[in-house]
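Engineer: Compute the structure for the input listed below.
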Amino acid sequence: MSRPDFEDIKTGREFNQWYWLKEELVDICQRSNLPTYGRKFDLRDRIMFALDNGGKVKPEPKKEKTRSKFNWAKSELTVDTRITDTITFGPNFRRFMKNQIGPKFSCHSDFMDWVKSNAGKTLKDAVEEWNSLERRKENPGFKRDIAENNMYSQYIRDFLEDNPNYTIKDVKKYWLLKKQLPMKNGLVKYEKSDLELIP
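Structural biologist: Numbering: from 1, shown residues only. Alright, predicted model coming up:
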């Protein structure tokens, strides 16, 4: 059973059992007169709602108004600067962090998630948290979490952990076959039975 064309799909449930690239979701939204902004899962949910509700646009929750007027792009940053609900991670912020930590600083997702969740704390706290996150790498068993929407990377990791004698090139062949199959919520996850996809 192969994935049907979008035009032949009638319900959100049917749509949700298939894997879709983000660019495909954007294209479907454009053709369906739906908003094209947001993460991959936002686009998917928007399309599913439209299928089940006569093409209507899914209502979005009201965003809380930001309260801080602090300018992260132009203000002088110090260790005492408080993290606000309007924080951005542009050149000014990165320059400050590199001055504190050194050239090894990188603005990875774990760190940015922490910063965005800790309004009120200082940039000194942020520096300490970054160093704490980096110390995790000293643990031989450490593995950085993979975002749920990055199914490809998670599939590759899980496949290779279970089958260390395979190469990434080998695994890609299984991924290409697996993602064409119907799955719960369209989530492509490695299973031992995937080895049967290639005789």
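Engineer: just how off-centre is the lowest-mean-pLDDT helix or strand in the chain within its chain?
Structural biologist: Counting by mean pLDDT, DSSP states H and E, the chain has its least confident helix or strand at helix 109-116, which shows a mean of 89. Remark: helix 109-116 is offset 13 Å from the chain centroid, using CA atoms, centre = their mean, to the nearest Å.
Engineer: May I see the buried residues of the helix or strand just after that helix?
Structural biologist: Counting by DSSP states H and E, the element after helix 109-116 in chain order, helix or strand, is helix 123-135. Neighbour counts using 16 or more other CB atoms under 10 Å place 123, 125-127, 129-130, 134 of helix 123-135 among the buried residues. Glycine gets a C-beta too; all of them are placed from N, C-alpha and C.
Engineer: now do stretch 103-110
Structural biologist: Quick answer for stretch 103-110 (16+ other CB under 10 Å): F105.
Engineer: for stretch 165-180, same thing?
Structural biologist: Within stretch 165-180, the residues scored as buried using 16+ other CB under 10 Å are 171, 174-175, 178-179.
Engineer: So which of these sit within helices?
Structural biologist: Per DSSP state H, helices hold the following members of these: 171, 174-175, 178.
Engineer: which among the residues you listed gets closest to L21?
Structural biologist: Using CB to CB, W175 comes nearest to L21 of these, at 12.5 Å.
Engineer: and the gap between that closest one and T36?
Structural biologist: Distance, W175 to T36, using CB to CB, to the nearest Å: 26 Å.
Engineer: what does R44 give?
Structural biologist: 12 Å.
Engineer: more crowded one of those two?
Structural biologist: Legend: neighbour count by other CB atoms under 10 Å for R44 and T36, higher for R44 (22 against 14).
Engineer: Just give the nearest non-adjacent residue to that one, would you?
Structural biologist: Nearest residue to R44, sequence neighbours excluded (CB to CB, 6 or more residues apart in numbering): L25, at 6.0 Å.
Engineer: wait, what's in contact with the one you found?
Structural biologist: Contact analysis of L25 by CB atoms under 8 Å, 6 or more residues apart in numbering lists 40, 43-44, 47.
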